[in-house]
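S.K.: Quick check, what structure comes out for this input:
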Amino acid sequence: MNIEPIKAFTDNYIWAIVNKANKSLWIVDPGDAKPVIDYIAKHNLNLCGILITHHHEDHCGGVAELQAKYSVPVYGPKHSNILATHVVTDKQTIVLPECNLSFEVRWIPGHTLEHIAYYCATEQLLFCGDTLFSAGCGRVFEGTMQQMVESLQILASLPDETRIYCAHEYTLKNLEFAKYLEPKNEAITRQVAFVQCLQGKPSVPTTLALEKKINPFLRTDVGTVITAAQSQIGTSLSEGVQVFSAIREWKNRF
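M.R.: A predicted model of the protein is given here:
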């Protein structure tokens, strides 16, 4: 089983779950059908199904065309934009038989109200859409800051070895903000150098262990992050949600 990124738009990743032995393919968050169709043709694969994390067009905009062409199941949360043939719920298990994988659905609202993630415990991998990025997190568009914090806590509770497959290449920009918050954080400094050396190649997947060292949105209980947040808004902060809200709104303007 291989997981490969299919680039779309400016910075999106459509994730391809491939079983090369039987030429099977499952796709995660196809915002555009064309690069997926091209990928299928190039590698002579059989599309078996689609997983969707949330309803934004750059994550599900290609579903209708792919479904019409290949007539495959589409798993996702309930939303009219998604066109799911199978609406999923929290803690539900999704089986990908062609790839010998199963995923547990995790309900993680905040970025959108119905946002979900797919977690595979046996392989320790996570498809988390726009909730958690390397060194960052998604904007809070529809949910509340409290919901986003709770959703990040759900993801942070997974094993440290979990590989995180997010849906955008935002890493370097996120690291710039993280470095500004924690200029003496050596793990951030090392990761900036590493990502710069990639010269445009994908910086993800990342691991949860690494994110706990470099991602300010998973470090809202760390003194240096709290101090930076307090300095930004000019008042003391006593709770994790307050710290998160301060740095999320700060990042929006950064």
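
S.K.: Could I get the buried residue list for the helix or strand hosting residue 42?
M.R.: Using DSSP states H and E, the element containing residue 42 is helix 33-43. For helix 33-43, the neighbour count (16 or more other C-beta atoms under 10 Å) marks 33, 35-37, 39-40 as buried. (C-beta placed from N, C-alpha, C; glycine too.)

S.K.: repeat for stretch 141-154
M.R.: So, applying 16+ other C-beta under 10 Å, buried residues of stretch 141-154: 143, 145, 147-152, 154.

S.K.: can you list those in CSV and add pLDDT and secondary structure?
M.R.: What follows is those, written out as CSV (pLDDT from 0 to 100; DSSP: H, G, I helix; E, B strand; the rest coil):
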residue, pLDDT, secondary structure
143, 96, coil
145, 97, helix
147, 98, helix
148, 98, helix
149, 98, helix
150, 98, helix
151, 98, helix
152, 98, helix
154, 98, helix
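
S.K.: quick one: which two of the residues you listed are the most distant?
M.R.: Greatest spacing in the buried residues of stretch 141-154, by C-beta to C-beta: 145 and 154 (15.1 Å).

S.K.: show me where pLDDT drops low in this structure?
M.R.: Within the chain, not a single segment meets pLDDT under 70.

S.K.: For it, just list every one of the helices.
M.R.: Remark: helices assigned in the chain by DSSP state H are 33-43, 57-60, 63-70, 145-156, 171-181, 186-197, 208-214, 223-233, 240-253.

S.K.: To residue 126, which of those helices lies closest?
M.R.: So among the helices of the chain, helix 145-156 is nearest, using C-beta to C-beta, at 6.9 Å.

S.K.: follow-up on the earlier one: run through who's touching the helix holding residue 42.
M.R.: 6-8, 14, 16, 18, 23, 25, 27, 30, 45-47, 61-66, 69 (C-beta atoms under 8 Å, 6 or more residues apart in numbering).

S.K.: Go again with 7 Å.
M.R.: 6-8, 14, 16, 25, 27, 30, 47, 62, 65-66 (C-beta atoms under 7 Å, 6 or more residues apart in numbering).

S.K.: coming back round to it: make JSON lines from the buried residues of stretch 141-154 and add distance to residue 206 to it.
M.R.: Output for those, formatted as JSON lines (distance: C-beta to C-beta, whole Å):
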{"residue": "143", "distance to residue 206": "23"}
{"residue": "145", "distance to residue 206": "23"}
{"residue": "147", "distance to residue 206": "23"}
{"residue": "148", "distance to residue 206": "19"}
{"residue": "149", "distance to residue 206": "20"}
{"residue": "150", "distance to residue 206": "21"}
{"residue": "151", "distance to residue 206": "17"}
{"residue": "152", "distance to residue 206": "14"}
{"residue": "154", "distance to residue 206": "17"}
